[in-house]
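> Predicted model and sequence below, questions to follow.
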Amino acid sequence: MNEQTNQIRTSTLFRRLFKTSSIKEYMEKNADEMRLQSFSEYITGLCKKKGEVPERIIRRANIERSFGHQLFKGTKKPSRDTVLQLAFGFEADVDTAQKLLKHAGMSALYPRVKRDTAILYCLHNHFTIVETQNVLHEMELPLIGGGKSK
Amino acid sequence: MSDVKTAVNEIENAFDASRYPAGFPEKYDQLECLADSHGTETFLVKQKGSEHLFVAKCYDKNLYSFVHESNILKSLHHGGLPAFADEFQSDSTVCIVREYIEGKPINQYITENNPTNQDIIGIGIQLCNILIHLHGQEKPVIHRDIKPQNVIVKDDGQIVLIDFDISRVYHSEAEADTQFFGTREYAPPEQYGFSQTDSRTDIYSFGVLLRYMLTGSEKENPNVHVYKPLERIIRKCTAFAPKGRFNNAAAVKKALLAANPKSQRIRKALIALCSVAVITLCVFGGIKWYQYATFDPFAEETIPAVLTDAERVTDSVSYMKNKYGTDLFDDTESYSDIGFVKMILTDVYGYNSDYVHALPEEEGPPHESEKNFLPWGMGDEQYVARDVMVYVAVKIYWVDKVSDYSSLKDDNGYYPGVRVAVAFAEETGILTGVGRPEDITKGEAAILLANADRVFEATKE
């Protein structure tokens, strides 16, 4: 996974740091690189990288359309289940799904949680969101976005 | 469409269901793992067949010979503590289920809400109330891990203290703790094994937390100014030796209330207002509402209205003496000066002298600020005008009336608080008995303060 190819490499940043005389000067010059990427920036970037438009991701994620666009704009914050829905919208692999959760400040998929194990399996095997919900339903586990969630 | 049955079989085979105690997975669905460290896993769980969320903490029995959290939580019942729900045991694991507290941990709350000193004092006082409850148990409970992540601010502003897994019940006969638990920046020296941890351990961590809330950092930063009275509280809480700290959470709470009287007064005023509303609507109905609506501060029971000026002075001086035990107003004929006013604030009302004696730091026209009680740089010997004394009296009792100094400036930018205070005093009758505008006497100062006190007491009822 390397979705940051258009960004400056960490080693280059380090070299610049050691060359700069003051930390203040360094921070000013490299402010853009050091800023933490917000969730909306991250998913927008991921969308571009995949050559997709948000509309399609949102549709595949089974997320209500206007809410989905608000997530991309950053005017709404997603719950953990919404991030998981987006992961299916992106047709993400396990690694990308975990990165999505991390950028949203949510806890990672954890293989000792049965529901997370099922979701990991479905992501790994490129199931759609509907197929995944069928698996969860069959296993009598809470559906994604099915109820009150953190 | 992939084969759902095959998927389910493969997932069931890959998942180790025997890891958690019998009964736990049958009753609760694990939704996510909130934390995983030191042989403990914390899960957000949902009770099957309901929408109720809980937090389950599962301990590896090989690492934790004795699990504290359930025993401690079971015995505690307080709005600021999560309620115990369930406990499950197997040979290898213990899972303790407690109420899930919906809200934000303090670190997130601070970043997103940018709270004022006043808000932080409010949070501190709530936390003190929880500590008073914990430490006040027959066998005092020491939390030992007070840190931002363990203090949750609920949507309604209520504070809840979570995570009791390293708490201990204090045994007066034990000498030193043998193991280090806790979070480094928040742990006092004795938690590293110097002596046994007692309630002053929590007071140390509370002090560090207070600094964190005010500055965003656990460590002292000379470049960040902390409101002085709060800085003193932090220092006392975090003294190296436990005996140098506040003795108990009640003392910390008292210091917080004294550090800035605003919160106490606003709270009292709110409670008073709420009480009035509740009583009005529920108990006495229309009659009480009528009385409230027609409240007359000139009424005899509020400010005695039939006395001569000389009698009014005598009455007010003795009122202040009886209520506050002060002889400051005895010399009724001499003039009030600024030094005298400052003495009243510190000696009678218990204000911090730094707050009362501070001068504005910035140049330019006089102004009010959170750092100075008196908004302008008058000399101590300068005589006090009636309106200045009115300002003082109103600010003592209704600080919120004069505190909005940024948006109340008049055309010239001068003394906005005084104008607001005088208008308020005229409306409520606090000015009764002091007609002369300049150079008022100590007796007249007593009248204004006694009037303000009476009106304040009357609005509380």
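Here it is on my side, so go on.

> Chain neighbours aside, what residue packs nearest to B:Tyr397?
Here the nearest residue to B:Tyr397 in space, its sequence neighbours aside, is B:Phe456; by Cβ to Cβ, 6 or more residues apart in numbering or on different chains that works out to 4.3 Å. (C-beta placed from N, C-alpha, C; glycine too.)

> Doesn't that neighbour belong to a helix?
Yes - according to DSSP: H, G, I helix; E, B strand; the rest coil, the state of B:Phe456 is that of a helix.

> burial of the residue of chain A found nearest chain B, as a residue count?
Ranking the residues of chain A by distance to chain B (Cβ to the nearest Cβ) places A:Tyr110 first, at 3.7 Å. Other residues near A:Tyr110 come to 17 when the count uses other Cβ atoms under 10 Å in any protein chain shown.

> contacting residues around it?
Neighbour list for A:Tyr110: A:Asp116, B:Glu32, B:Cys33, B:Asp36 [criterion: Cβ atoms under 8 Å, 6 or more residues apart in numbering or on different chains].

> how close does the most centrally placed residue in chain A get to B:Leu273?
When Cα atoms, centre = their mean is applied to chain A, the residue found nearest the centroid is A:Leu100 (1.7 Å). Using Cβ to Cβ, to the nearest Å, one obtains 48 Å as the distance from A:Leu100 to B:Leu273.

> before we move on, what about B:Ile96?
If you go by Cβ to Cβ, the gap between B:Ile96 and B:Leu273 works out to 42 Å.

> and the two? which has more neighbours close in?
B:Ile96 (25 against 12).

> where does the residue in the stretch 201-350 of chain B that chain A sits nearest to land in three-state SS?
The stretch 201-350 of chain B approaches chain A most closely through B:Asn223 (13.9 Å), counting by Cβ to the nearest Cβ. For B:Asn223, the secondary-structure state derived from three-state DSSP is coil.

> Give the rounded mean pLDDT of stretch A:60-68.
Average pLDDT, stretch A:60-68: 93.

> Can you list the buried residues in it?
Within stretch A:60-68, the residues that qualify as buried are A:Arg60, A:Ala61, A:Asn62, A:Ile63, A:Gly68, counting by 16 or more other Cβ atoms under 10 Å in any protein chain shown.

> In helices, which of these fall?
Using DSSP state H, the subset of the buried residues of stretch A:60-68 located in helices is A:Arg60, A:Ala61, A:Gly68.

> What residue, apart from its backbone neighbours, is nearest the last one spatially?
When you say that, I think you mean A:Gly68. Using Cβ to Cβ, 6+ apart and skipping the chain neighbours, the partner closest in space to A:Gly68 is A:Ile58 (3.2 Å).

> related to what we said a few turns ago, can you give me the neighbour number for the residue nearest to B:Tyr397?
By other Cβ under 10 Å, the burial measure for B:Phe456, its neighbour count, is 20.

> One more: B:Leu257?
Burial of B:Leu257 is recorded as 19 neighbouring residues (other Cβ under 10 Å).

> TSV for the buried residues of stretch A:60-68, including distance to B:Ile234?
Converted to TSV, the buried residues of stretch A:60-68 look like this (distance: Cβ to Cβ, whole Å):
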residue	distance to B:Ile234
A:Arg60	52
A:Ala61	48
A:Asn62	51
A:Ile63	46
A:Gly68	46
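
> measure the closest residue to A:Lys50 other than its chain neighbours to A:Tyr121 for me?
Using Cβ to Cβ, 6+ apart and skipping residues adjacent in sequence, the residue nearest A:Lys50 is A:Phe90, 6.9 Å away. As for A:Phe90, its distance to A:Tyr121 is 17 Å (criterion: Cβ to Cβ).

> repeat for A:Ile57
Between A:Ile57 and A:Tyr121 the distance is 22 Å, computed by Cβ to Cβ.

> of the two, who's got more company?
Under the criterion of other Cβ under 10 Å, the comparison of A:Ile57 against A:Tyr121 puts A:Ile57 first, with 23 against 20.

> Please enumerate residues in contact with the strand or helix carrying that one?
Secondary-structure assignment from DSSP states H and E places A:Ile57 in helix A:54-61. Residues lying outside helix A:54-61 but in contact with it, judged by Cβ under 8 Å, 6+ apart, are A:43-44, A:47, A:65, A:68-69, A:72, A:85-91, A:128-129.

> Mind checking what helix or strand follows the lowest-mean-pLDDT helix or strand in chain A in sequence?
Each helix and strand of chain A was given a mean pLDDT (mean pLDDT, DSSP states H and E); the minimum falls on helix A:31-34 at a mean of 55. Scanning the chain past helix A:31-34 towards its C-terminal end, the next helix or strand to appear is helix A:39-49 (assignment: DSSP H and E).

> hang on, the earlier thing: tell me, what's the model's pLDDT at the residue nearest to the centre of chain A?
For A:Leu100, the pLDDT comes out at 95.

> show me what contacts residue 47?
I'll assume chain A. With contacts defined as Cβ under 8 Å, 6+ apart, the neighbours of A:Cys47 are A:Val53, A:Pro54, A:Ile57, A:Phe72, A:Phe90.

> think we crossed wires, I meant chain B
By Cβ under 8 Å, 6+ apart, the contact set of B:Gln47 is B:Lys27, B:Tyr28, B:Asp29, B:Phe54.

> Let's see that with 10 Å instead.
Taking Cβ atoms under 10 Å, 6 or more residues apart in numbering or on different chains as the criterion, B:Gln47 is in contact with B:Lys27, B:Tyr28, B:Asp29, B:Leu53, B:Phe54, B:Ala85, B:Asp86, B:Val97.

> For it, list each beta-bridge partner.
Per DSSP bridges, residues listed as beta-bridge partners of B:Gln47: B:Tyr28.

> Leaving out the residues flanking it, which one is nearest to A:His137?
A:Leu143 is the one closest to A:His137 (Cβ to Cβ, 6+ apart), at 6.4 Å.

> What is the three-state secondary structure of that neighbour?
For A:Leu143, the secondary structure call by three-state DSSP comes out as coil.

> now swap in B:Val160 and tell me
Of the three states, B:Val160 takes strand according to three-state DSSP.
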